[in-house]
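> I'd like to go over a predicted model; first the sequence, then the structure.
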Amino acid sequence: SEELLGALARIDGLRVIARESTALATAESTDLRRLTQRLGVTHVVEGSVHRAGAQLRVTLRLVETASGQTRWAREYDRNFGDFLAMEREVAQSVSAALSLQFEPRPAPATPMDPERFRRYLQARALLRAGPSGAAQATTLFRALVAEDPSDARAHEGLASALYDRGFGSYQVVALRDEALSEGRRALALDPMLADPYAILSEPACRTARWDECLGLLAKAVRMSPADSHWRSVYAWRLGTLGYLSQAREQLVLALAADPLAPTPNYMMGITLDALGDHAGARPYIVRGAAPGNATLWFNAVWRHDYADAMRLARSYGDARWRPAYVAVTAALQDPRGWPAARAAIEASEQASAPWHNWTRVLLPDPDISGDIALLENVWKLGYSAVSTYLWAPELANHRRDPAFQAYLRRNHLIDYWRVHGWPDRCRPGPGDAVACD
């Protein structure tokens, strides 16, 4: 089904709901009216697959959700190795039924080996199972690459598995470097793949090489426009540079393709918070953030809903940080509580070294240079998108500080803006400085 989703997404003018939202919605209900409400779709492709050895029988139909009528139906009896050819036929039939145009990718020179393709799909599925799944997928993809070094998608899969394991902390240098090497190899074999461009963008993004960073992410999005994950990452990097409106536009597209997926919802919530639309941000954060996530608490604080903020503080996911969130919430309502809040913040940091407590940015006399370094470290390590909060209205005091100008110069943001245009809150200032609202 994931392969078929990718083929249908290449039909010009057709919005196809991505795998994650499709799976979430159909797990709740397969009722067409319910799917229409949850996903905003006009048509559904449904069917069944039966396999006997190398033989495959696929029965499919295209259903109009408003009327429940079948617009197109067909049964396929094929050798499993001819799957890609069948995939193209299905996409062409769906596009014809909807009066749309489909331009298929070139057919492979030889039929795909059924057992090899099964192992490839198994490895791809493991990538969605977290770190342990990525480790198992690495083993499977290594075997596929060893058997056929000319298989671009096997190299892409190995790059993705290594990326998931090596970039999470940015400390596993051997895995990180191998991921980049496999990504380059995949693109040399097939420049139409999406994942390698995004993987290769990581070192550039984390070292403030913005032209390379955003250029590679834009290519990944062009190669796979329905992939909400890479579009969300692209939006995150745009937000880091202060391009909040552009980030929001990308997230609108990501959510159109994958409306229930946590990542684009989470990123939309953070972006709207940075734009100052805290009420609008809340439903996205609720859909996208894990329980106990700090973004839920920040949103409640910025909405001045201190009852909700206190509820979130008392149920904060990490017990080491919980007393600090409770104390800061209390101090925001009664300034006499700030000395106790500061002490709680420092105690939480001692218990969680080397991590810092993000509530520091709300102190009445913040260490602005330290706060900016903290948020800078967030995007350089790549473990959170809260660096976007540096553009929030509530942190205008940070943007007025000389440390912010040093941050912009140190990370080449001003250089990028002068060539590519100024972000939402900034404009040229005197000399080599900028003025940011």
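Yes, it's here.
> where does pLDDT dip in the stretch 1-150 of the chain?
The model of the stretch 1-150 of the chain has pLDDT under 70 over residues 104-112.
> now do the strands in it.
Ranges of strands in the stretch 1-150 of the chain, per DSSP state E, counting those that start in this stretch, are 11-12, 43-52, 55-64, 70-79, 101-102.
> which of the ones you listed sits closest to residue 275?
Shortest distance between residue 275 and these, using CB to CB, is found for strand 11-12: 31.5 Å. Placement of C-beta: from N, CA and C, glycine included.
> packing partners for that closest one?
Counting contacts by 3 or more CB pairs under 8 Å, 6 or more residues apart in numbering; DSSP states H and E, the secondary-structure elements packed against strand 11-12 are helix 83-97, strand 101-102.
> save the ones you listed as CSV, and put in distance to residue 416 and mean neighbour count too.
As requested, those are arranged in CSV below (distance: least, CB to CB, whole Å; neighbours: other CB atoms under 10 Å):
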stretch, distance to residue 416, mean neighbour count
helix 83-97, 39, 18
strand 101-102, 37, 16
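> for the nearest residue to residue 306 once chain neighbours are set aside, grab the count of nearby residues.
Spatial nearest neighbour of residue 306, chain neighbours left out: residue 333 (5.3 Å); criterion: CB to CB, 6 or more residues apart in numbering. Burial measure for residue 333: 12 neighbouring residues, criterion other CB atoms under 10 Å.
> give the residue farthest from the middle of the chain.
For the chain, the largest distance from the centre (CA atoms, centre = their mean) belongs to residue 336, which lies 40.4 Å off.
> got the phi and psi for it?
The phi and psi torsions at residue 336 (degrees, to the nearest 10) take the values phi -60, psi -10.
> for it, give its distance to residue 359.
17 Å (CB to CB, to the nearest Å).
> for residue 186, same thing?
Using CB to CB, one obtains 42 Å as the distance from residue 186 to residue 359.
> could you dump the strands of the stretch 1-150 of the chain into a markdown table with distance to residue 92 added?
Written out in a markdown table, the entries for these read as follows (distance: least, CB to CB, whole Å):
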| stretch | distance to residue 92 |
| --- | --- |
| strand 11-12 | 9 |
| strand 43-52 | 13 |
| strand 55-64 | 12 |
| strand 70-79 | 11 |
| strand 101-102 | 5 |
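> can you tell which of those is closest to residue 174?
Between residue 174 and those, the shortest separation by CB to CB is 38.4 Å, and it involves strand 43-52.
> what is that closest one packed up against?
Helices and strands touching strand 43-52, as assessed by 3+ CB pairs under 8 Å, 6+ apart, comprise strand 55-64.
> tell me which of the helices and strands packed on strand 11-12 sits nearest to residue 286.
Distance to residue 286, taken as CB to CB, is lowest for helix 83-97 among the helices and strands packed on strand 11-12, at 34.3 Å.
> for that closest one, C-alpha coordinates in CSV please.
Output of helix 83-97 as CSV, limited to C-alpha atoms (Å, rounded to 0.1, in the frame of the first residue of the first chain):
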residue,chain,number,x,y,z
PHE,A,83,4.6,-5.6,-9.0
LEU,A,84,6.1,-2.2,-10.2
ALA,A,85,4.5,-2.6,-13.6
MET,A,86,1.1,-3.3,-11.9
GLU,A,87,1.6,-0.3,-9.7
ARG,A,88,2.0,1.9,-12.8
GLU,A,89,-1.1,0.4,-14.4
VAL,A,90,-3.2,1.1,-11.2
ALA,A,91,-2.0,4.7,-11.1
GLN,A,92,-2.8,5.2,-14.8
SER,A,93,-6.3,3.7,-14.3
VAL,A,94,-7.0,5.9,-11.3
SER,A,95,-5.8,9.0,-13.1
ALA,A,96,-7.9,8.2,-16.2
ALA,A,97,-11.0,7.6,-14.0
